[in-house]
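In: coordinates only, sequence not included:
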C-alpha cells in the first residue's frame, strides 16, 4: 500500500489527492478528458503513474488504466511506453492500448508495427488496430497483407470476426482494389461474418469507392436490416457516382418504405439538387423537410442556403439563413460564397464583416469564398490585404486554393508580373485551379506567353482535359495565330481528346429543355429561331455588332457571325421568353463558360424584353436586368 502521505497534483484546472486504489481510479476518470484536450495536464498524469508504482504490485487492471491515460496524448505517450516495459504483469490489453495509440500517428506507425510483432498473444482488437492503422496512413496493401497473415496463423478462427473483416474491407477501399474487396466478400460469407451490419456497410462502401456502384446496391438490397444511415449512405453513393436519377429514385423509395430521413439525408439530397440544378425537386425536398422538422439543424439548413445560392435565388437563401435558430461557420460561409458566386461581392464582404462581429472565427474555406468575391469584383488591394491576414491575424496556413483565388484576382486585373512572382515564391504546390485561373486571365488580356506556361502545367496535371486546349486555342485565335490554333487542334486529334459540346438547359414546368449550339431538334425550334431574328434586328438598332473574336476558325466574318449567333444559351433564353409568363424571370444553366458576345447579347435582350435573365455558367451566375449584368462586365 502507498504511504498515508497524500500525493498532491495541481496542474491547471485539476487538483486531486490519492491514497487508495479507488481514489486512483476516480482521478484517472477525471483527468482522462482533460489530458486529451490539453497537454498541460501531462504532469498530473505522470504523478498518478508514480502513485500507481507505489502499489506492490499494482493490479493489471490499474496498470492498464494508467497506460490508457498516458497514451491518450502524444506528450505522455513516451511515458506509457516506458511504463509498459517496467510492468511486472501485462496482458493483451496492455499492448493493444499502445499499438492503437501509436497507430494514430503516421510517425508512430513503424513503432506500432514493431510492438505488435513483439506481442506474446494477439486478439481481434490487436489485428484490427494494426490493419486499420496501415490503411489510415496510406499503406492499404500492407494492411491487406497483415490481414492475410492473420488468416494463416494457427487459431485465426478465434480472432477473425466482424471487426477484423471491417478493417480489412476499409483497407481494400483505401487501395481502391475491387479484386481484394471481392475476395474479402467471399471470405466473410464463407465464415458467416456477414450477419453483422457493420460488415454489410463496409462491403457496400468498398464497392462504391472502387467504382462498382451496382455491386454496392446489390449488397444494400441484401442487407437484413436497413436503417436511415444505410439508406442515406446508398443515396449518397449514387450522387457521388453522378448517377443522380438513381439517387433521387432511391430517396423516394426510402420515403415510401417508411424510413424517416434525418438531417444528413436531407443535406445530401439538397446538395445533389444544387449540383444537378434541379430547382423544382429542390423546392419539393425543402417543403418536405420543413413539414417533417427532421431537417431542423444548422447542417441541413446550411445545405438549403447553398442550394438556393446555386439556383441564383439569393432572396430565398437569405430568408433561410435569417430563419436559422443558430448560425454556425458553415451557414455564414454558405452565404459569403453564395453572394460571391452570384456576382454580389459587396454583399459577400458585408456578410464576412458580420461573421467577424458575431465572434465566429473564419476557417480556410470561408477565406476561399471571401477571396473569390474580391477576384470577381477586381478588388486587388482588399483581396491582398485579406490574403495576408489569413496567416498574420488568424494563424491559418495558406492553401493552394487561397493562392488560386489571388492569382485569379491578379490575372483578371492584368497584373501578370505580380501573379508570376507569387507563383514562383508560393509556399505550396500550385494546383489545377491556380493554373486555370492564370489561363483565364490570359484569355481576357491575350497574354500568350503566360498562357503557354499555364497550359503546359495543366497538361501535366490533367492531360485529357479538353478545356485547356480549347482555352489556349481561343487565346491564339484572339491574336490571329491561326496556325497555332490548328496545331492545338491536331494535338487534340492525335490524343483522341474531344471538346465537350456546349449545352444549355432551362426548366419549364416539369420538363428540362436542353439546347446545343445551332440546335434545331427542339419541337419549338422554328419559333425560337424566329424570335432570335427579331431580337437581332432590335439589337442592331441599339448599336450591337457581333464580336467574332470568340470564333476559332479563320473564316469570313459573315460565317463567324452565323456561328456565334446561335450558341446554346441564346436558344435557351429565347425559348424561355416564349415558354414562361410575361415578366417572369428566365433562368438558364450552361455547362461551359459563357462567351463575351453572348454576354453582350443577353444584356441587350434583357433590356428589349424587359425580363430578368439569370445565366449560370461553369464559373458563376450572371444576373441580367435592364441591359446590365451583376458581374459589371468583369468575370
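Out: Okay, I see it. These numbers come from a predicted model, not from an experiment.
In: Tell me where the stretch 251-400 of the chain is predicted with low confidence.
Out: In the predicted model, the stretch 251-400 of the chain carries pLDDT under 70 at residues 294-296.
In: Where does residue 623 sit: helix, strand or coil?
Out: strand (DSSP: H, G, I helix; E, B strand; the rest coil).
In: Based on its surroundings, how many neighbours for residue 500?
Out: 12 (other C-beta atoms under 10 Å). To be clear about C-beta, it is placed using only N, CA and C from the backbone, and glycine gets the same treatment.
In: Just confirm residue 518 is within a helix.
Out: No - secondary structure of residue 518 (three-state DSSP): coil, not part of a helix.
In: which residues does it contact?
Out: residue 566 (C-beta atoms under 8 Å, 6 or more residues apart in numbering).
In: now swap in the one 5 residues further on and tell me
Out: Taking C-beta under 8 Å, 6+ apart, we find residue 523 in contact with no residue.
In: Could you confirm it falls within a helix?
Out: No - judged by three-state DSSP, residue 523 forms no part of a helix; its state is coil.
In: For it, grab phi and psi.
Out: phi -60, psi -30 (degrees, to the nearest 10).
In: Next one: it relative to residue 570, how far apart?
Out: 18 Å (C-beta to C-beta, to the nearest Å).
In: and if you look at residue 93?
Out: Applying C-beta to C-beta, the value for residue 93 to residue 570 is 71 Å.
In: of those two, who's got more company?
Out: Each of residue 93 and residue 570 has its neighbours counted (other C-beta under 10 Å); residue 570 has more, 24 against 17.
In: The more buried one against residue 600, yeah?
Out: No - with contact defined as C-beta atoms under 8 Å, residue 570 does not reach residue 600; the gap is 11.2 Å.
In: which non-adjacent residue is nearest residue 368?
Out: Spatially, and ignoring its direct neighbours in sequence, residue 368 is nearest to residue 401 (5.0 Å; C-beta to C-beta, 6 or more residues apart in numbering).
In: Test my guess that that neighbour contacts residue 431.
Out: Yes - the pair residue 401 / residue 431 is scored as a contact, 7.3 Å apart, by C-beta under 8 Å.
In: And the helix or strand where residue 322 lies, what's buried?
Out: Residue 322 belongs to helix 314-323 when assigned by DSSP states H and E. Across helix 314-323, burial judged by 16 or more other C-beta atoms under 10 Å covers 314, 316, 317, 318, 320, 321.
In: residues in contact with it?
Out: For helix 314-323, contacts defined as C-beta under 8 Å, 6+ apart pick out 301, 304-305, 308-309, 327, 331, 334-335, 338-339, 342, 344, 347.
In: can you give me the strands for the chain?
Out: 7-9, 16-18, 503-508, 511-516, 586-590, 613-616, 621-625, 628-629 (DSSP state E).
In: Averaged pLDDT, the first one. What do you get?
Out: Read that as strand 7-9. Computed over strand 7-9, the mean pLDDT rounds to 42.
In: again, but for stretch 568-576
Out: 95.
In: buried residues in it?
Out: 568, 569, 570, 571, 572, 573, 574, 575, 576.
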